[in-house]
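Colleague: any chance you could fold what I've pasted below:
(chains A and B)
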Amino acid sequence: MTAMVKAEGVHKSFGPLEVLKGIDLEVRSGEVFCLIGPSGSGKSTFLRCINHLEKINAGRLYVDGELVGYRQKGDKLYELKDSEVAVKRRDIGMVFQRFNLFPHMTAAENVVEAPVQVKGVSKAKARERATELLDRVGLADKARNYPSQLSGGQQQRVAIARALAMDPKLMLFDEPTSALDPELVGDVLDVMRDLAESGMTMVVVTHEMGFAREVGDSLVFMDGGVVVESGNPREVLTNPRHERTQAFLSKVL
Amino acid sequence: MTDIDKTDGPADTPPAGPEAIKAIPVRHYGRYVTAVVAVALLGAVVYAFSQGKINWGAIPDYFFDDRILNGVGKTLLLTVLSMAIGIVGGVLLAVMRLSKNPVTSSIAWFYIWFFRGTPVLVQLIVWFNLGLVFEFINLGPFYKNEWSDFMTPFLTALLGLGLNEAAYMAEICRAGLLAVDEGQTEASHALGMSHVKTLRRIVIPQAMRVIVPPTGNEVINMLKTTSLVSVVQYPELLRAAQDIGQTSGAPAEMLFLAAAWYLLLTSVFSVGQYYLERYYARGSSRSLPATPFQKIRANVLSLSNRSGSTGGAA
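Modeller: Predicted coordinates:
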């Protein structure tokens, strides 16, 4: 399998605060890659680097073989223009902890927006596809509702449909269930599980160890801006080798 | 919005539970007292004015005078056009001010600093006298004229008011743009939308909720500020009223007449503003706020309900 995401010594600082201190990892095409770790460990920041919402300070980050945010000519790096970055983001779907649905649009309009505005898909076609996607996430009857009329779990599923509408080759999930009431988490995880079975490449920052164990193909435990331990989720979660992983898991499991 | 739910409540949902509560509502005696005092004061003021040396009969005589109606038209035209300049300029300046580009943000900062920092009356007079600086206007093959012919009172008024307004609108728009959650921009960017599309489709529509109310205020302000342009010889409402006042020998009466017209116009604008706010509130709350008509209906219903003493939520 080829690498969908490849990180080589990725560093990221916010001012004097170094959040990522050299991340090396590889996400293979078609796998579900889970990132776990305590808050402040840099996992969300790393996820945001993948679609260039954050600029990295050192190292190299590749998505589908192409450098993120830069173009390399010889040994020189050229920053990409905003419009070029935007083109690359089309292929990377992202789901946020706080949903970030567009509140002035209905669920269907949220899903239709990007394909029409970015890809120039006809409105009729985009609407048709939106109906399909909302049906897939179990919300066909909520198409005309505004986000404020939906529960958190429903909003997050609309957000997933919105990201899928762009037909991404990679989906990033930034703690998609952390802002949800416990009884709503299951619905969102079901949609994600379904998506994983369809072969989508997914990078998931999560605190849902059950999901990581069941659905994950690889798992990385991050702490303090570095990868502490990685491997098969079932192995890492059952028999963590590293002390810090053991300490973390003993608190969350 | 909870108010509306309450007043709507008794009308369509009968009280649930084993037995409806029948209680005597709290009596608000203070309300009756203040109402009586307010009416008495108002009556006293009206009486004083009616007994004054004012020829009230002159006002209806001239209320629909052609010169007055013409002045009203010019006032409205000037208000609408200068607000249009103000809003377009304001959005542009706000976006420039918030841009990452240090050159555009400095230009916007300087513009706002200058136009907000000098009185609009002075700006109007300066525009009017720019002929001292520029003798001619020469736009190559397109247009060429003497400055004094080019800079008509109308154009002076329009530029003076519009450019000044843009500085204020810029600050209002900036506040609106900043009020939109950053997650919205991120979500839009993550979908591959460009900066411009993000602004136009995602950020500005949401910023409108914050922008519309103070903009309504600006429109009403502008309507009245147009009365300043009489200094550059533009015959708007106030000037028309003053002119009639001088020839008809009823100067004070004509000022009252102008005031009445301004009040009428601002009232009409307020209604428009209400519905505009209602439009941009969509999606932000679970149900739209009621229209005044719906509110009145709900109030009347709740009143009739109260007299029936079923002790609803009213």
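Colleague: residue contacts, the most centrally placed residue in chain B?
Modeller: Centre of chain B computed as the mean C-alpha position; nearest residue by CA atoms, centre = their mean is B:Gly216, 2.7 Å away. The contact partners of B:Gly216, taken as CB atoms under 8 Å, 6 or more residues apart in numbering or on different chains, are B:269-270, B:272-273, B:276-277. Heads up, the C-betas are built off the backbone N, CA and C, glycines and all.
Colleague: selection in ChimeraX covering whichever of those residues are buried, please.
Modeller: Applying 16 or more other CB atoms under 10 Å in any protein chain shown to the contacts of B:Gly216 leaves a buried subset, and the ChimeraX line that selects it is:
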select /B:269,273,277
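Colleague: returning to that earlier point: just after the helix or strand containing the residue nearest to the centre of chain B, pick out the following helix or strand.
Modeller: Per DSSP states H and E, B:Gly216 falls inside helix B:204-225. Next along the chain after helix B:204-225, taking DSSP H and E as the criterion, comes helix B:237-248.
Colleague: need the contacts of B:Gly216 in a markdown table with distance to chain A and pLDDT, can you?
Modeller: Putting the contacts of B:Gly216 into a markdown table (distance: CB to the nearest CB, whole Å; pLDDT from 0 to 100) gives the following:
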| residue | distance to chain A | pLDDT |
| --- | --- | --- |
| B:Phe269 | 24 | 91 |
| B:Ser270 | 24 | 90 |
| B:Gly272 | 20 | 88 |
| B:Gln273 | 19 | 88 |
| B:Leu276 | 14 | 86 |
| B:Glu277 | 14 | 86 |
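Colleague: so which of the contacts of B:Gly216 sit within helices?
Modeller: If you go by DSSP state H, the contacts of B:Gly216 have B:269-270, B:272-273, B:276-277 in helices.
Colleague: list just the nearest of the contacts of B:Gly216 to A:Ser44.
Modeller: Nearest to A:Ser44 among the contacts of B:Gly216: B:Glu277, at 36.6 Å, using CB to CB.
Colleague: and that closest one, how far is that from B:Thr291?
Modeller: Plainly put, B:Glu277 is 11 Å away from B:Thr291 if you go by CB to CB, to the nearest Å.
Colleague: and what of B:Val231?
Modeller: 41 Å.
Colleague: who has more neighbours, those two?
Modeller: B:Val231 (16 against 12; other CB atoms under 10 Å in any protein chain shown).
Colleague: quick check: pLDDT value at that one.
Modeller: You'll see B:Val231 listed with a pLDDT of 84.
Colleague: how about the residues of the stretch 101-250 of chain A by chain B?
Modeller: Within the stretch 101-250 of chain A, the positions lying close to chain B (CB under 8 Å from any CB of the partner chain) are A:101-106, A:113-114, A:117-118, A:146-149, A:159, A:162-163, A:166.
Colleague: switch to 7 Å and redo it
Modeller: Within the stretch 101-250 of chain A, the positions near chain B by CB under 7 Å from any CB of the partner chain are A:102-105, A:113-114, A:117-118, A:146-149, A:166.
Colleague: ok, which pair from the residues you listed is furthest apart?
Modeller: Greatest spacing in these, by CB to CB: A:Val118 and A:Gln149 (26.1 Å).
Colleague: higher neighbour count, those two?
Modeller: A:Val118 (20 against 16).
Colleague: for the more buried one, give its distance to B:Thr198.
Modeller: For A:Val118 relative to B:Thr198 (CB to CB), the value is 11 Å.
Colleague: alpha carbons of stretch B:174-191, in PDB - could you do that?
Modeller: Output in PDB follows, covering the C-alpha atoms of stretch B:174-191 (Å, rounded to 0.1, in the frame of the first residue of the first chain):
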ATOM      1  CA  ARG B 174     -15.200  45.100  11.100                       C
ATOM      2  CA  ALA B 175     -17.000  44.400  14.400                       C
ATOM      3  CA  GLY B 176     -19.400  42.200  12.500                       C
ATOM      4  CA  LEU B 177     -16.600  40.300  10.700                       C
ATOM      5  CA  LEU B 178     -14.700  39.800  13.900                       C
ATOM      6  CA  ALA B 179     -17.900  38.500  15.600                       C
ATOM      7  CA  VAL B 180     -18.100  35.500  13.300                       C
ATOM      8  CA  ASP B 181     -16.500  32.400  14.900                       C
ATOM      9  CA  GLU B 182     -13.100  31.500  13.500                       C
ATOM     10  CA  GLY B 183     -14.200  27.900  13.100                       C
ATOM     11  CA  GLN B 184     -16.400  29.100  10.200                       C
ATOM     12  CA  THR B 185     -13.500  30.400   8.300                       C
ATOM     13  CA  GLU B 186     -11.500  27.200   9.000                       C
ATOM     14  CA  ALA B 187     -14.400  24.900   8.000                       C
ATOM     15  CA  SER B 188     -14.800  26.900   4.800                       C
ATOM     16  CA  HIS B 189     -11.000  26.800   4.000                       C
ATOM     17  CA  ALA B 190     -10.900  23.100   4.800                       C
ATOM     18  CA  LEU B 191     -13.500  22.600   2.100                       C
END
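Colleague: contact partners of that stretch?
Modeller: Contacts with stretch B:174-191, where a contact means CB atoms under 7 Å, 6 or more residues apart in numbering or on different chains, come from A:51, A:53, A:89, A:94, A:96, A:98, A:100, A:102, A:114, A:118, A:166, B:94, B:97-98, B:198, B:202-203, B:206-208, B:210-211.
Colleague: now do 6 Å
Modeller: Stretch B:174-191 is contacted from outside by A:51, A:53, A:89, A:94, A:98, A:100, A:114, B:94, B:97, B:198, B:202-203, B:206-207, B:210-211, using CB atoms under 6 Å, 6 or more residues apart in numbering or on different chains.
Colleague: one more: stretch A:156-163?
Modeller: Outside stretch A:156-163, the residues that touch it by CB under 6 Å, 6+ apart are A:93, A:95, A:99, A:101, A:107, A:110-111, A:133-134, A:137, A:139, A:176, A:188, A:191.
Colleague: how far out from the middle of the chain is it?
Modeller: Relative to its chain's centre, stretch A:156-163 lies at 12 Å (CA atoms, centre = their mean, to the nearest Å).
Colleague: let me see the mean pLDDT of it.
Modeller: Stretch A:156-163 comes out with an average pLDDT of 97.
Colleague: now A:Met222, what's its secondary structure?
Modeller: Under DSSP: H, G, I helix; E, B strand; the rest coil, A:Met222 falls in the strand class.
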